[in-house]
Structure formats: C-alpha cells, structure tokens
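Enquirer: this one's structure only:
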C-alpha cells in the first residue's frame, strides 16, 4: 500500500500497473475538495492522450493498480 498525504498530491506523477489504451503515465492535475477543504477526489491526466479521469484519492493507495512516479 502506498502512503500518501492527500494535500501533496497536486502535480504528482503515477504509473498504471496495467495500462489501458496505451495510457501508462499520469499526472494529478487537480484536487477536488469538500466544503471542509478535505481532499475527496483527484483528476488524473494521461500523459499520452491527455484524457482526464476523476477518482477518489484513496484509490492511489492500491499498489496493485498504481505506482508512485513514472516507471
């Protein structure tokens, strides 16, 4: 499991363990917060296609799906 501080995720880089649609490397482009300013979701942008997807920031903790950095 990856240890993550949700407030430091902006502009962080991630590698998908099993790439889909030739999208392997991602960068966090936006942090979505609730009314109490807690990070709820992140917006990931694929480096290859520039496609954006939103997912809960806790999903990045799963080391079987995501690796920190570009590897």
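Expert: Thanks, I have the structure now. From a predicted model like this one, the values you see are computed outputs, not experimental measurements. Residues are numbered from 1 along each chain as shown.
Enquirer: now the strands for this structure?
Expert: 13-20, 23-33, 39-46, 52-56, 66-68 (DSSP state E).
Enquirer: quick one, which of these is packed in tightest?
Expert: strand 39-46 (a mean of 19; mean count of other Cβ atoms under 10 Å). For glycine as for every other residue, the C-beta is placed from the backbone atoms N, C-alpha and C.
Enquirer: Let me know the angle separating that one from strand 23-33.
Expert: 150 degrees (axes from the mean of the first three to the mean of the last three Cα atoms, to 10 degrees).
Enquirer: partners of residue 28 in the sheet?
Expert: Note on residue 28: beta-bridge partners by DSSP bridges are residue 44.
Enquirer: hang on, isn't it packed against residue 8?
Expert: No - judged on Cβ atoms under 8 Å, residue 28 makes no contact with residue 8 at a distance of 9.8 Å.
Enquirer: Spit out the contact partners of the closest residue to residue 67 other than its chain neighbours.
Expert: Counting by Cβ to Cβ, 6 or more residues apart in numbering, residue 15 is the residue found nearest to residue 67 once chain neighbours are left out, at 4.4 Å. Contacts for residue 15 (Cβ atoms under 8 Å, 6 or more residues apart in numbering) come out as 24-26, 66-71.
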